[in-house]
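1. Below are the sequence and a predicted model for it; my questions follow.
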Amino acid sequence: EDPYLSGRLASSFVKGVQSLSVGTSVKHFVANNHELDRMVTDAIVDERTLREIYLRGFEIAVKESNPWTIMMAYNRLNGVYCSENKW
């Protein structure tokens, strides 16, 4: 996926929904590539790839659209559960 395109699409969707006074939740956006066993999956991603591919789209969506909520991912990222990550 192109992080710019996915970020802009997500941002447009969030803005459209929230313009109708309906809240949105940007969720599971970063390094969550599995449906099966997502609670035990550990995505091993180097920092450059993480920032340029995964986080960039998420950053665009959040900064441009200001979603009402953000849901964390269930998986681990580089050995740490996303809900416990220092980021």
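-> Good, I have the coordinates.
2. Excluding chain neighbours, what is closest to I70?
-> Distances taken as Cβ to Cβ, 6 or more residues apart in numbering place V26 nearest to I70, at 5.3 Å, with adjacent residues excluded. Any C-beta I mention is one placed from the backbone N, CA and C, and that applies to glycine too.
3. and I70, that one's in a strand?
-> Yes. When DSSP: H, G, I helix; E, B strand; the rest coil is applied, I70 is found to be in a strand.
4. Could you check how far it is from K27?
-> As judged by Cβ to Cβ, to the nearest Å, I70 and K27 stand 7 Å apart.
5. re the thing from before, surely the residue nearest to I70 is in a strand?
-> Yes. Counting by three-state DSSP, one finds V26 located in a strand.
6. Distance of it relative to R56?
-> 14 Å.
7. The helix or strand hosting V62 - contacts with which helices or strands?
-> Element membership of V62 [criterion: DSSP states H and E] is helix 56-65. For helix 56-65, the packing partners by 3 or more Cβ pairs under 8 Å, 6 or more residues apart in numbering; DSSP states H and E come out as helix 3-18, strand 25-27.
8. hey, least reliable of the ones you listed by pLDDT?
-> In terms of mean pLDDT, the lowest-scoring of the helices and strands packed on helix 56-65 is strand 25-27 (a mean of 89).
9. tell me what the next helix or strand after that strand is packed against?
-> Using DSSP H and E, the helix or strand that directly follows strand 25-27 along the chain is strand 42-43. The contact analysis (3+ Cβ pairs under 8 Å, 6+ apart) places strand 42-43 against strand 76-77.
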